Structures are given as C-alpha cells and as structure tokens.
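J.: need the 3D shape of this:
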Amino acid sequence: MKQPILESLALYLTGSDGPDLKTTRIILPNRRAGMFLQRHMARYSQEVQWAPHIYSINDYVSNTSTLDLSDQVESLLILYEAYAQLAENPEPIDEFYFWGEIMLRDFDELDKYLVDADMLFRNIMDLKELEEPLAGFEPSQIDFIRQFWTGFHEGDQSPEKDQFIGIWELLPQLYKQLKRNLLSRNEGLQGMQYRDIAHRIETGEISYSWEGQTIIAGFNALNSCEIKIFSW
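T.: Alright, predicted model coming up:
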C-alpha cells in the first residue's frame with residue numbers, strides 16, 4: 001500500500017539520514033497539511049528533536065512579499081469606490097457585493113497565473129476567438145483562461161449574466177484601479193503578493209538567503225507564480 005506523502009516526509013525528517021531540522025524549511029499547500037505533518041513527526045520521532053520551519057504556501061508568500069495582505073472586505077469597498085466612479089449608472093453596494101466578490105477572486109487568480117488583464121477581459125463572445133490570442137502563453141495560463149471563459153459561456157443567458165455583461169468593459173479599468181489603490185497603501189490581494197515575488201525574481205530584486213534545506217511537498221497543479229517561486 002502506498003504511503004501518504006506527509007507520512008513519508010515525516011519518516012524522512014525524523015530518520016537518521018534526514019536533514020538538519022534546525023535549518024530545514026518546509027512549504028506545504030495549506031496549514032492543515034502542516035498540522036498533520038507535525039503529528040506524524042511526533043509519532044515517528046525517537047528522541048527530542050528540533051522542529052523544522054513549516055509554512056503554508058500562502059503564509060510563505062505573505063512573509064516574502066513586499067506587500068501586506070489586504071483585508072477582503074476593505075478590498076471590496078475599494079473596488080466598489082472605483083466601480084462607482086467608472087460606471088454611468090452604478091448599482092448600490094448591496095447589489096454589487098455578489099459580483100464584487102467574483103471580481104476579487106478572478107483578479108486574484110489572474111495574478112497568480114501571470115495573465116494580462118486586458119487580454120483576459122476582451123469582449124470575447126465566441127470561445128474560438130481565444131485561439132490566436134493564446135499564442136505564446138504557458139500551458140497553465142492557457143488552462144486558466146479557458147476555464148474562466150468556459151465557465152462564463154456555460155448555461156443559458158440569465159439576468160445575472162446580462163447584468164454582468166453590462167459592466168464587462170469596465171473590468172480592465174477596475175482591475176488596474178484596484179491595484180493602484182491597494183499599492184498606494186503598500187497592500188495587495190494574495191495574487192498581487194504572488195505576482196510581486198515572481199516579478200522580483202525575474203528582475204533579480206530578491207535574494208535567496210535561506211542557508212538550509214527547503215522542502216516543497218504535497219502540491220498538485222501549480223499556478224505560474226508557484227512554478228517561478230519553486231524553481232527559484
């Protein structure tokens with residue numbers, strides 16, 4: 001029977017051939033995985049040992065980015081302010097709230113996949129129109145874009161879709177204005193933090209200072225920023 005990856009990792013870490021835990025850093029998909037890893041290590045450890053430095057990927061990104069993580073509700077209010085300035089007949093905030101949450105989620109994901117907002121939010125009415133613009137993109141970016149558009153085009157036309165199409169052309173401006181407003185506060189959505197690190201890696205503005213071993217475990221489908229960060 002195949003051993004679960006966190007249990008295998010715990011055996012490696014606590015074994016005689018394992019790394020120096022005092023200088024070992026482990027990056028996992030979430031905090032829950034870190035909790036289970038610690039439980040496995042406690043079970044397999046034969047003696048008192050140093051605990052490794054265990055991070056969820058989001059915690060690692062927040063600690064490494066130059067941006068502070070923005071509050072979700074506050075980000076939504078900042079987004080609504082930008083929308084109210086750009087829209088000719090803005091909806092009241094209680095009606096905008098649902099779409100605002102979707103926008104924040106999509107803005108967050110497009111940053112994690114390093115996708116250009118202007119390209120993503122083109123007024124594409126047919127999925128076939130995606131073929132040419134996707135030339136030159138990474139496979140993970142293409143998968144994200146196709147998933148976004150397939151979800152949007154699925155199902156029948158609805159009042160909600162009609163309502164969303166009404167502000168569709170504002171999305172690139174809303175994305176850019178939200179980023180400008182958050183950056184002026186030295187804050188960012190989680191995707192902005194990811195993108196900040198990826199950019200600093202590309203430009204050489206960030207130095208690799210960890211002297212011990214870094215172990216990355218338990219991940220499946222990586223976004224574009226994770227690929228850059230883990231390769232670095």
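J.: hey, let's count contacts and neighbours off CA atoms from now on
T.: OK.
J.: pLDDT weak spots in the protein?
T.: 1, 122-138, 140-142, 144-168 (pLDDT under 70).
J.: which stretches of it form helices?
T.: Here the chain has its helices, by DSSP state H, at 5-14, 31-44, 57-64, 72-86, 93-112, 117-120, 139-153, 159-166, 171-183, 190-203, 224-231.
J.: nearest to Ala217, out of these?
T.: helix 5-14 (7.8 Å; CA to CA).
J.: just the buried residues of that closest one, please?
T.: Across helix 5-14, burial judged by 16 or more other CA atoms under 10 Å covers Leu6, Glu7, Leu9, Ala10, Leu11, Leu13, Thr14.
J.: tell me the spacing between the first one and Ile229.
T.: Translated: Leu6. Between Leu6 and Ile229 the distance is 21 Å, computed by CA to CA, to the nearest Å.
J.: before we move on, back to that, can you put the helices of the chain in TSV and add distance to Asp20?
T.: Output for the helices of the chain, formatted as TSV (distance: least, CA to CA, whole Å):
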stretch	distance to Asp20
helix 5-14	8
helix 31-44	14
helix 57-64	20
helix 72-86	38
helix 93-112	32
helix 117-120	44
helix 139-153	35
helix 159-166	54
helix 171-183	39
helix 190-203	27
helix 224-231	21
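J.: right, so those: which one is the most enclosed?
T.: Mean neighbour count (mean count of other CA atoms under 10 Å) peaks for helix 190-203 among these, with a mean of 21.
J.: now do that helix: everything it contacts.
T.: With contacts defined as CA atoms under 8 Å, 6 or more residues apart in numbering, helix 190-203 is touched by 58, 61-62, 64-70, 107-112, 114, 206, 225-226, 228-229, 232.
J.: could you rerun that using 6 Å?
T.: Ser65, Asp108, Asp111, Lys112, Ile206, Cys225 (CA atoms under 6 Å, 6 or more residues apart in numbering).
J.: what's the answer for stretch 2-20, then?
T.: Leu37, His40, Met41, Ser45.
J.: ok, back up a step: for Gln213, which of the helices of the chain is the nearest?
T.: helix 5-14 (11.4 Å).
J.: the closest one to helix 31-44, inter-axis angle?
T.: Relative orientation of helix 5-14 versus helix 31-44 (axes from the mean of the first three to the mean of the last three CA atoms, to 10 degrees): 50 degrees.
J.: return the distance of helix 5-14 from the chain's centre.
T.: Offset of helix 5-14 from its chain centre (CA atoms, centre = their mean, to the nearest Å): 27 Å.
J.: check stretch 4-22 too.
T.: In terms of CA atoms, centre = their mean, the centre of stretch 4-22 is set 28 Å apart from its chain centre.
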